[in-house]
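**Student:** One predicted model, sequence on top.
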Amino acid sequence: MNIVNILEEIEKVDGEVYERLNPRRAAMKSFFNMGKKISLAAMPLALGSMFQKAYGQTALPTAVVEVLNFALSLEYLEYHFYNHCIVGKTAGSSVTDVTFNFPNAASQAAITTIRDHEKAHVDLLIGALGSSARAPIAYADTDFRAGGAFASVYSDYNTFLAVAQGFEDTGVRAYKGQAGNLLVSPGVLQTALQIHSVEARHASHIRQMRTAAANGSAVYKPWVSLGASGQANDSGVAAVDAVYAGEDLTVQAGANIVGIGGNAGITKAAAVESFDEPLDKASVVTIANLFLRDGKKL
Amino acid sequence: MTMKNNELETKNELQEKSLFDKTVGRRSFLQYAGAGAAGIALVAAGCKKDRGYEDPTMNGGVTLDFKNDIGVLNYAYALEQLEAAFYIQVANSNTQFTGSNAAAKKAYFQDIQFHEIAHREFFKAALTTSAIGSLQVDFSSIDFTSESSVLGAAMAFEDLGVAAYNGAGPRLKDGNFLLLAGKIVSVEARHAAYVRDLISNGSFADLNSLASLGANNSAGLDAALTPDKVLAIAGKYVKTKISVINL
């Protein structure tokens, strides 16, 4: 077979064939990877696979579906957490267990904004997954009081914000931990990265809200720093230690960040703040399951 | 393209050359498909050679070659140089922050300064001899005596940084590099949200306002831009000529 001829023939009917075969696209990437393993005899099969992917006729790879469903579970949790609060603060709502008051309109607006983003993420992921999407998680499937660990989550504004911070910082870590599994699908990776940084923006704002609510009694930096006693957890809530496990890393790809380049200003805390750390799937699942009822856990 | 002095590098270049180039592209496509594991290993060895990304003909300019991860990392290094230089100048200018939270603002800007220096130095260390040189900055459009000018520039830098990392991430081939970029971009997003809230509380993730940087509010997606677009925006802050190839 003559592949050059084939490409020329295709170009006659599809002038963009070379663009579709751009090596940055998933089809070519997987084809290149395949090139390491196959012989020329297997070329026709590999080519067929490449074109199928270039023209978008195959389903998402299984590993990508798993990552997206994992992300979807987390987004459902975040959405319900905020949505229950906002619905509960709506006049005439049947939700009556949200008893704290927002200190001002801006704080309620911020939580509404975040709720809307989480809903958009849920919808986006469902759309991307299509028939592969996991079963929906309903509010009734959740337990944001975590079996009593955060019993005042909807009656005390500070507890609500502390749990919110935990969700957002966990979300940032979870997406980071899964990014590598999406290298095979650059388009999906792009979208995941765009969700990831939105979660980081949320985390930054929630941390500022906590500082404002503390009214001088505590400060929560917008970025993940070292705890007051030098521990990885800077949230002031020991119950969420698991959310921050390993966030105190100061060596990146073999480079010690503390004082790097002779910069004495880069203290251990600054080194910790400069890099957010990923969290593996099992650890994230353990955290998420705190907020899911029996029979609904991940 | 510089001349290659041995066959290994030629093969490497052919494999990475864009398929847009029809005459060479088709041939390299065939060669790549036929390359066995040994060929890949040799190519990997070839990649370790320092190609010298500073092009002497550019009269002090730098070239970002996006044909591989080194180019993407140098792109990040260039942006971190820019950010670090900005915050260093804020500190050196002793910009007066105002309001009841003035001290906190000053302290957090110092925090951010050290984060950006850490990022810059990290890339410099990671890239070793493949690192581009130091960029000359041009901050003449920023009034460092004005808090609002400094906040506006900081927001622009941070939002652009988020867009840059998000847009460049899918170009990376090595998962370890992708993870490192991910570790940094969320910190940039935290900075962006903080600075935005200083300018207008509640605008931390105003995705509508970031639409020109590629954000999509209805989908809840943050900014993402390709390197050429990012560099076009960043250009006004850089004196050094930055050339982009193999994008």
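**Tutor:** Yep, it's here.
**Student:** Which residue is most remote from the mean position of chain B?
**Tutor:** Most distant residue from the mean C-alpha position of chain B: B:S100, 34.8 Å away (CA atoms, centre = their mean).
**Student:** The closest residue in space to B:K241 that isn't next to it in sequence: neighbour count?
**Tutor:** Distances taken as CB to CB, 6 or more residues apart in numbering or on different chains place B:G61 nearest to B:K241, at 3.4 Å, with adjacent residues excluded. C-beta here means a position set from N, CA and C on the backbone, and glycine is covered the same way. If you count neighbours by other CB atoms under 10 Å in any protein chain shown, B:G61 ends up with 17.
**Student:** Got the confidence number for B:G61?
**Tutor:** pLDDT recorded at B:G61 is 92.
**Student:** Go ahead and confirm it touches B:S243.
**Tutor:** Yes: between B:G61 and B:S243 there is a contact under CB atoms under 8 Å: 6.1 Å.
**Student:** Tell me the spacing between the residue farthest from the centre of chain B and B:V90.
**Tutor:** Using CB to CB, to the nearest Å, B:S100 is found at 20 Å from B:V90.
**Student:** where does the stretch 51-200 of chain A dip in pLDDT?
**Tutor:** For the stretch 51-200 of chain A, applying pLDDT under 70 flags the ranges A:51-58.
**Student:** Correct me if wrong: A:L189 contacts A:L182.
**Tutor:** Yes: using CB under 8 Å, A:L189 makes contact with A:L182 at a distance of 3.9 Å.
**Student:** In terms of neighbours, single out the busier of the two.
**Tutor:** Taking neighbours as other CB under 10 Å, A:L189 and A:L182 compare with A:L182 leading, 28 against 25.
**Student:** about what we covered before: give me the secondary structure label for the residue farthest from the centre of chain B.
**Tutor:** Three-state assignment for B:S100 (DSSP: H, G, I helix; E, B strand; the rest coil): coil.
**Student:** per-residue pLDDT, it?
**Tutor:** At B:S100, pLDDT is 94.
**Student:** do the same with B:S130
**Tutor:** 97.
**Student:** Counting neighbours, what do you get for it?
**Tutor:** By other CB under 10 Å, neighbour count at B:S130 equals 19.
**Student:** nearest spatial neighbour of it, skipping sequence neighbours?
**Tutor:** Using CB to CB, 6+ apart, the nearest residue to B:S130 is B:I70, at 5.0 Å.
**Student:** where's the one you found relative to B:I242, distance?
**Tutor:** Distance of B:I70 to B:I242, given as CB to CB: 15 Å.
**Student:** More neighbours: which of these two?
**Tutor:** Neighbour totals were compared for B:I70 and B:I242, and B:I70 leads with 22 against 19 (other CB under 10 Å).
**Student:** tell me which element that one is part of?
**Tutor:** Assigned by DSSP states H and E, B:I70 belongs to helix B:69-93.
**Student:** I'd like to know how far A:N83 sits from A:A253.
**Tutor:** Distance, A:N83 to A:A253, by CB to CB: 39 Å.
**Student:** what sits against B:A131?
**Tutor:** Counting by CB atoms under 8 Å, 6 or more residues apart in numbering or on different chains, B:A131 makes contact with B:53, B:74, B:77, B:123-124.
**Student:** out of these, which are buried?
**Tutor:** Buried subset of the contacts of B:A131 (neighbour count, 16 or more other CB atoms under 10 Å in any protein chain shown): B:53, B:74, B:77, B:123-124.
**Student:** Pipe those into a markdown table and attach pLDDT and distance to chain A per row.
**Tutor:** Converted to a markdown table, these look like this (pLDDT from 0 to 100; distance: CB to the nearest CB, whole Å):
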| residue | pLDDT | distance to chain A |
| --- | --- | --- |
| B:Y53 | 48 | 19 |
| B:N74 | 98 | 15 |
| B:Y77 | 98 | 13 |
| B:F123 | 98 | 10 |
| B:K124 | 98 | 7 |
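**Student:** Next, count neighbours for B:F144.
**Tutor:** 17.
**Student:** so where's chain B uncertain?
**Tutor:** B:1-59.
**Student:** Tell me which stretches of it form strands.
**Tutor:** Using DSSP state E, the strands of chain B run over B:62-65, B:242-245.
**Student:** okay, those, which one's buried deepest?
**Tutor:** Mean neighbour count (mean count of other CB atoms under 10 Å in any protein chain shown) peaks for strand B:62-65 among the strands of chain B, with a mean of 22.
**Student:** and that one, does that touch chain A?
**Tutor:** No: counting by CB under 8 Å from any CB of the partner chain, chain A has no neighbours in strand B:62-65; the shortest distance is 14.7 Å.
**Student:** Neighbouring strands of that strand in the sheet, and parallel or not?
**Tutor:** The sheet places strand B:62-65 alongside strand B:242-245 (parallel), with pairing taken from DSSP bridges.
**Student:** Where do the helices of the chain begin and end?
**Tutor:** Defaulting to chain A. Along chain A, counting by DSSP state H, helices occupy A:3-13, A:17-20, A:26-35, A:43-54, A:62-88, A:105-129, A:157-178, A:186-214, A:241-244, A:268-274, A:281-289.
**Student:** that's the wrong chain, I meant chain B
**Tutor:** Going by DSSP H, chain B shows helices at B:7-16, B:22-34, B:37-47, B:69-93, B:102-127, B:147-168, B:175-199, B:227-234.
**Student:** and residue 152, what does it touch?
**Tutor:** I went with chain A, as the question did not name one. By CB under 8 Å, 6+ apart, the contact set of A:S152 is A:T159.
**Student:** nope, chain B
**Tutor:** Contacts of B:G152 by CB under 8 Å, 6+ apart are B:I199.
**Student:** And for the one 10 residues further on?
**Tutor:** Listed by CB under 8 Å, 6+ apart, the contact partners of B:V162 are A:197, B:185, B:188-189, B:192, B:213, B:222-223.
**Student:** at 7 Å instead, please
**Tutor:** Counting by CB atoms under 7 Å, 6 or more residues apart in numbering or on different chains, B:V162 touches A:197, B:185, B:188-189, B:192, B:222-223.
**Student:** out of those, who's nearest B:S200?
**Tutor:** Closest approach to B:S200 among these (CB to CB): B:A192, at 12.8 Å.
**Student:** State the distance from that closest one to B:G152.
**Tutor:** B:A192 sits 13 Å away from B:G152, taking CB to CB as the criterion.
**Student:** again, but for A:L60
**Tutor:** For A:L60, the distance to B:G152 - CB to CB - is 41 Å.
**Student:** A:L74 now?
**Tutor:** 34 Å.
**Student:** Also A:I257?
**Tutor:** 29 Å.
**Student:** show me the contacts for the spatially most central residue of chain B.
**Tutor:** Against the mean C-alpha coordinate of chain B, by CA atoms, centre = their mean, the closest residue is B:A76 at 2.6 Å. Going by CB under 7 Å, 6+ apart, B:A76 touches B:123, B:165, B:168, B:181.
**Student:** Now B:L231. Nearest residue, chain neighbours left out?
**Tutor:** B:I242 (5.8 Å).
**Student:** shouldn't that neighbour be in contact with B:V230?
**Tutor:** No: if you go by CB atoms under 7 Å, B:I242 and B:V230 don't touch, sitting 10.5 Å apart.
**Student:** Neighbours of residue 66, how many?
**Tutor:** Unless you meant another one, I'm taking chain A. By other CB under 10 Å, the residues close to A:E66 number 16.
**Student:** wrong one, chain B
**Tutor:** Residues near B:F66, counting by other CB under 10 Å: 21.
**Student:** hang on, the earlier thing: reformat the helices of chain A into a markdown table and put distance to B:H119 next to each item.
**Tutor:** A markdown table is the format used below for the helices of chain A (distance: least, CB to CB, whole Å):
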| stretch | distance to B:H119 |
| --- | --- |
| helix A:3-13 | 42 |
| helix A:17-20 | 33 |
| helix A:26-35 | 27 |
| helix A:43-54 | 35 |
| helix A:62-88 | 26 |
| helix A:105-129 | 26 |
| helix A:157-178 | 16 |
| helix A:186-214 | 15 |
| helix A:241-244 | 21 |
| helix A:268-274 | 6 |
| helix A:281-289 | 25 |
